[in-house]
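Colleague: generate coordinates for the sequence data below:
(one chain, ligands or ions: 2)
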Amino acid sequence: MTFKTLDDLEPGQRVLVRLDLNSPVEDGEVQDNRRFDRHAETVRELAERGDRVVLMAHQGRPGGDDFVSLDQHADILAEHVGHDVQFVADTYGDEAIDAIESLDAGEILLLENTRMCDEELPEEAPEAKADTEFVQTLAPHFDAYINDAYSAAHRSHASLVGFALALPAYAGRVMQSEYEANSSIATREFDGQVTMVVGGTKATDVIDVMNNLGDKVDQFLLGGIAGELFLRAAGNDVGFDLEGMDFFDDQWEANRETIESLLDERGDQISLAVDLAYEDENDERGEVAVSDIDEKDRAYLDVGTETVETYDPVIRDSEAVFVKGALGLFEDERFSVGTVGVLRAISETDCFSVVGGGDTSRAIEMYGMDESDFGHVSIAGGAYIRALTGAPLAGIEVLKQD
Ligand SMILES: Nc1ncnc2c1ncn2[C@@H]1O[C@H](COP(=O)(O)OP(=O)(O)O)[C@@H](O)[C@H]1O
Ligand SMILES: O=C(OP(=O)(O)O)[C@H](O)COP(=O)(O)O
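Modeller: Ligands and ions are numbered 1, 2, ... in the order given. Just a heads-up that it's a prediction; the model follows:
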């Protein structure tokens, strides 16, 4: 581990902690999710050892419907921590400073959405962020800065990189565990086969990962939108948008050359679906062999049963399995066969496994699997993708500095 952790920090400090509580917001209501549960462990540890704990986090982006105050986040977090979390509707003004200075040992305070402070965005070099009034005003009130926001660490924003230069900086528990698991494909040598399950809707992201990881991954098992694009490149009449869809055509144009060269150069490492599932005229799941598709006239919403049967032994023979993206529209049970099939196979073997992506990891609880049967279930999306390819994350690079 190349950064300092909470083990290196004496208890009883005034700590400024960056979390990532960015959550789905439905009709103005912040939805509870894994991020609260995970960060609660770091927050509880700090409070229990007698630190004065001040938390920063962001929610949404300015202008978006989910760009809301963090008052609800404080209540949700408090439930997970099992301890009161105070909230102040200010980022670094007098109200915030008063609240910070009034904290007793073991108390927890959440500041307002960092993105409500003009200097938080845009992305700039850490030195420029450290020079902002936001950082310069808050930093003197603390002994240490702790970054636990692994899933936002790819952003060079003030609360993620600026404070690390202004204060002694440490990684929180979430930062530590996410970093270790998500970087392992780039940093670790596995004795046996390394497999990556690739699916979901963000085909451009996952194709980029495949392009970068060809030497590290032995087998890619494809599904979802990326899977259909690869089937198209392999000469099948699928992988384009029907009326009312916008999954395929833009991503095809953007990735066509990469897909073709991947198939050309690494075809034997890439497994494609042999059958696909769709909604039939009775609203039931229908399946068709890819070789029988002459013309795409319906949406394909999952890989077929035979495909799962060919992917299953590959997973069971693997030393490590990384998942990025679902193999189908698993939120609809009829189209959950591919995603649940591969996740269940992973959970039943003792391979090292990492499941990433906010949407895909939801399938674990939705279909009654136990999170403890997976090596690591990441709470990161964009940061996970970057870590898989070995790309540095701005918020982690600054923690590595002395
Ligand atoms: N064939 C498909 N058609 C429509 N949606 C799909 C299909 N395959 C996968 N999905 C969707 O992909 C989503 C996950 O993809 P994505 O957002 O890229 O991954 P994550 O958020 O897990 O990183 C799931 O919500 C699933 O419904
Ligand atoms: O939720 C987040 O990213 P993710 O959707 O890639 O997991 C992070 O909080 C970063 O948010 P941003 O993409 O608005 O900078």
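Colleague: Thr201 belongs to a helix?
Modeller: No: with DSSP: H, G, I helix; E, B strand; the rest coil as the criterion, Thr201 is assigned coil and is not in a helix.
Colleague: any idea how far it lies from Ser361?
Modeller: From Thr201 across to Ser361, the span is 15 Å (Cβ to Cβ, to the nearest Å). In this view, the C-beta of every residue, glycine as well, is placed from N, C-alpha and C.
Colleague: neighbour count winner among those two?
Modeller: Neighbour count, other Cβ atoms under 10 Å: between Thr201 and Ser361, Ser361 has more, with 24 against 16.
Colleague: tell me how far that one lies from Ile207.
Modeller: On the measure of Cβ to Cβ, Ser361 and Ile207 end up 21 Å apart.
Colleague: cool, and Gly356?
Modeller: Separation of Gly356 from Ile207 (Cβ to Cβ) stands at 16 Å.
Colleague: more neighbours: which of those two?
Modeller: Remark: of Gly356 and Ile207, Gly356 carries more neighbours, 25 against 20, as counted by other Cβ under 10 Å.
Colleague: that one and Gly381 touch, don't they?
Modeller: Yes: using Cβ atoms under 8 Å, Gly356 is in contact with Gly381, at 7.3 Å.
Colleague: so how far is Ser261 from the residue in the stretch 101-250 of the chain positioned nearest to ligand 1?
Modeller: Nearest to ligand 1, among the residues of the stretch 101-250 of the chain, is Gly200, at 2.5 Å (Cβ to the nearest ligand atom). Remark: distance between Gly200 and Ser261 (Cβ to Cβ) = 22 Å.
Colleague: so which of those two has more stuff around it?
Modeller: Shown here are Gly200 and Ser261; by other Cβ under 10 Å, Gly200 has more neighbours (24 against 12).
Colleague: how about that one, nearest residue that isn't a chain neighbour?
Modeller: Among residues not flanking Gly200 along the chain, Gly325 sits closest, at 2.5 Å (Cβ to Cβ, 6 or more residues apart in numbering).
Colleague: now for the spatially closest residue to Asp249 that is not a sequence neighbour: which residues touch it?
Modeller: The shortest distance from Asp249 to any non-neighbouring residue, by Cβ to Cβ, 6+ apart, is to Asp241 (4.8 Å). Taking Cβ atoms under 8 Å, 6 or more residues apart in numbering, we find Asp241 in contact with 247-249.
Colleague: what do you get for Met366?
Modeller: 330-331.
Colleague: does Asp37 touch His80 like I think?
Modeller: Yes: using Cβ under 8 Å, Asp37 is in contact with His80, at 5.3 Å.
Colleague: between the two, point out the one with more neighbours.
Modeller: Neighbours were counted for Asp37 and for His80 using other Cβ under 10 Å; His80 has more, 18 against 15.
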